[in-house]
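>>> sequence and predicted structure, then a few things I'm wondering about:
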Amino acid sequence: MKDLDFLEDLTACELCEHRCKVNRLNGKTGVCRVTLPAVASATLHPAPPESYTVFMAGCNYKCLNCQNWTISQYPDNGFDQRGYEDPEELARECVKELGTLPAQLMRADRIFFSGGEPTIHLPYITKVVEEARQMNRGTRINFDTNGFMTERSLERILGFTTSITYDLKAYHDEVHLALTGAPSKPVLRNAEQIGRHAKDKLWEYRITVIPEINENEVKPLVEFIANIDPTLPVCFLAFRPNFVLEEHPGAGRVLMNRCVEMGMRSGLTNVSWSGNVGLPGTVMGIESKVSEHYTSQGAQLAASYAFHARCQTHPRDCSTCTSNQACEVKTYVPRIAT
């Protein structure tokens, strides 16, 4: 393995707002449980923006609805990934693939870092981008993120990105915590920073709508965005059953249309939805052992699913949970995949 000086930030990692300060280069792990950066997979991808997408393994969230759970819950769920790769070699692969005929036919025009969550691999990604731009100065970069990065990390990301796709899970802390294990305030802070000062880099805010869990979060989210700038693009994604929420019903067409209407009533001028709708499922009953720790029904319901997946601490907060190094949610394997 070549010189790893460019990964110095990992010796006391504070890339995301968990600010674990562990030395990942020495094998210590924080909430994300990742040591060296690991590539999960890479492929040409038609989803907008069309790209050569590099999926990075691991995440600083434990979202109950994660559609990429085999990647995000690395290294605890036992699924193989490509692993650590030399940044120059990965950059060469990306630049080469973007020059192929299939990429041209697809109109893929950028490297798209996704995951998992790319923020936890920020120094590595920065190096890959540097190498790619030495090979092709005009290389475009998309950063797909949950927004749970420090202000310093966001500044670094804005310094090299062409576009950003930005996920918003919930507005209120308790729903966000129950669903992801992390608070919403840093995510909202960073979303506002991008919307006010880097609007040109925002591809869109993306809000996955989960029936009965975060549907009541839509109104405060769209009002929050409209207050920043009503022209900012928002796309609602229809939840489909996944991971711990494998048996929860998918979002229906009526709900998705209602979300768009709420966005328009708030003043948003660029709002849409996408995804498969109406997938069947059954809503879990609220677990009495966790309900007392949450005030809203959406948070209570999400926490009940987390409890079913053996989440040990309620209210959920992965930063302070004493079981975050042996989290059973990270080892959950659903029986159903969509």
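Okay, I see it. Bear in mind that the values here come from a model prediction, so they are computed numbers and not experimental data.
>>> count the residues that sit near residue 265.
Using other C-beta atoms under 10 Å, residue 265 is surrounded by 12 other residues. C-beta: built from backbone N, CA, C; applies to glycine.
>>> ok, so what distance separates it from residue 222?
Here the criterion is C-beta to C-beta, to the nearest Å. By it, residue 265 lies 8 Å from residue 222.
>>> quick one: the strands in this protein?
Under the criterion DSSP state E, the chain contains strands at 39-45, 51-56, 110-114, 140-145, 163-167, 202-209, 234-238, 271-274.
>>> save those as a markdown table, and put in mean neighbour count and distance to residue 17 too.
Shown next, in a markdown table, are these (neighbours: other C-beta atoms under 10 Å; distance: least, C-beta to C-beta, whole Å):
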| stretch | mean neighbour count | distance to residue 17 |
| --- | --- | --- |
| strand 39-45 | 17 | 23 |
| strand 51-56 | 26 | 18 |
| strand 110-114 | 25 | 19 |
| strand 140-145 | 24 | 12 |
| strand 163-167 | 21 | 15 |
| strand 202-209 | 21 | 18 |
| strand 234-238 | 22 | 23 |
| strand 271-274 | 18 | 27 |
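>>> which parts of stretch 314-333 are buried?
By neighbour count on 16 or more other C-beta atoms under 10 Å, the buried set for stretch 314-333 is 314-319, 321, 324, 327, 329-330, 332.
>>> now it: average pLDDT?
Averaging pLDDT along stretch 314-333 gives 96.
>>> can you give me the offset of it from its chain's centre?
Mean C-alpha position of stretch 314-333 versus that of the full chain (C-alpha atoms, centre = their mean, to the nearest Å) differs by 17 Å.
>>> contacts for that stretch next, please.
Residues outside stretch 314-333 that contact it (C-beta atoms under 8 Å, 6 or more residues apart in numbering) are 18, 20, 29, 31, 33, 61-62, 64, 69, 73, 76-78, 174, 177-178, 181-183, 243-244, 290, 293-294, 299, 303, 306-307, 309-313.
>>> pull the CA atoms of stretch 13-28 into CSV?
Output of stretch 13-28 as CSV, limited to C-alpha atoms (Å, rounded to 0.1, in the frame of the first residue of the first chain):
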residue,chain,number,x,y,z
CYS,A,13,-11.5,11.7,12.7
GLU,A,14,-13.9,14.6,12.9
LEU,A,15,-15.1,14.5,9.3
CYS,A,16,-18.8,14.2,10.3
GLU,A,17,-20.8,15.7,13.2
HIS,A,18,-20.4,12.6,15.3
ARG,A,19,-16.8,13.9,15.8
CYS,A,20,-15.6,10.6,17.2
LYS,A,21,-11.9,11.7,17.2
VAL,A,22,-10.7,8.1,16.8
ASN,A,23,-7.5,7.1,15.0
ARG,A,24,-8.9,5.1,12.1
LEU,A,25,-5.5,4.5,10.6
ASN,A,26,-4.6,2.5,13.7
GLY,A,27,-7.7,0.4,13.4
LYS,A,28,-9.9,2.4,15.9
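>>> coming back round to it: out of the buried residues of stretch 314-333, which comes closest to residue 53?
Of all these, residue 330 has the smallest distance to residue 53: 23.1 Å, by C-beta to C-beta.
>>> now do the closest one against residue 270, distance only.
Distance from residue 330 to residue 270, by C-beta to C-beta: 36 Å.
>>> distance of the spatially most central residue of the chain from residue 12?
Closest residue to the average C-alpha location of the chain: residue 146 at 3.6 Å, with C-alpha atoms, centre = their mean. As for residue 146, its distance to residue 12 is 22 Å (criterion: C-beta to C-beta).
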